[in-house]
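**Q** just the structure for this:
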Amino acid sequence: MHVQRNGIAVECLQGDIARQKDMEAVVNAANAELMMGGGVAGALHRAAGPELAEAGAPMAPIQPGEAVTTEAFNLPNDYVIHCLGPVYGRDRPEEELLRACYRNALKRAEEHRIQSIAFPSISTGAFGYPVEAAASAAVKEVYEQSRHLKSVQAIRFVLFSQEDLKRYETAWQHLV
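**A** Numbering: from 1, shown residues only. Model prediction:
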């Protein structure tokens, strides 16, 4: 799926967040300590090398909804923007905290004059956020923020499974 929203190219695709060679920044669905974990955090840390955890350590811990930026080291990108999503059923209000992840990641991108950014589906793995609700929150926030972006020209959602991809595509269709 490829759409234009407020002059920003937005796409959804199934793929590996650690292999987005044409994106200036990738977003890490991080843990509070900004260390290697499972899922997205594990994939990005393995690909980036141990320097990624070393770079994040002085900024940790972060709170749900927060975003911080490091360089990308051995990843094919310039930056990693680390976001701590909410644990579903524990961190409240879940939707506001999840939306804050996307909002704050885009703020960090603007601060660094990043032109292209790839997001995973934040909080939908080990943090238990239902994918359909997460997709709805993510696309609403990205759409709202797209009105204010000056540097960011391309936003990509990189989804792990075909089912997740369909849920994100459906969420975009509901915005129209």
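
**Q** where does this structure have low pLDDT?
**A** 176 (pLDDT under 70).

**Q** and the longest helix for it?
**A** The residue-count maximum for a helix in the chain (DSSP state H) belongs to helix 94-111.

**Q** buried stuff in that helix?
**A** Neighbour counts over helix 94-111 (16 or more other CB atoms under 10 Å) mark 94-95, 97-110 as buried. (C-beta placed from N, C-alpha, C; glycine too.)

**Q** try stretch 20-28
**A** Within stretch 20-28, the residues scored as buried using 16+ other CB under 10 Å are 20, 23-28.

**Q** can you put those in JSON lines and add secondary structure and distance to Leu34?
**A** As requested, those are exported to JSON lines (DSSP: H, G, I helix; E, B strand; the rest coil; distance: CB to CB, whole Å):
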{"residue": "Gln20", "secondary structure": "coil", "distance to Leu34": "20"}
{"residue": "Met23", "secondary structure": "coil", "distance to Leu34": "20"}
{"residue": "Glu24", "secondary structure": "coil", "distance to Leu34": "20"}
{"residue": "Ala25", "secondary structure": "strand", "distance to Leu34": "16"}
{"residue": "Val26", "secondary structure": "strand", "distance to Leu34": "14"}
{"residue": "Val27", "secondary structure": "strand", "distance to Leu34": "13"}
{"residue": "Asn28", "secondary structure": "strand", "distance to Leu34": "8"}
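
**Q** same list, those, but as JSON lines with distance to Tyr168 please.
**A** Output for the buried residues of stretch 20-28, formatted as JSON lines (distance: CB to CB, whole Å):
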{"residue": "Gln20", "distance to Tyr168": "15"}
{"residue": "Met23", "distance to Tyr168": "16"}
{"residue": "Glu24", "distance to Tyr168": "21"}
{"residue": "Ala25", "distance to Tyr168": "19"}
{"residue": "Val26", "distance to Tyr168": "16"}
{"residue": "Val27", "distance to Tyr168": "14"}
{"residue": "Asn28", "distance to Tyr168": "18"}
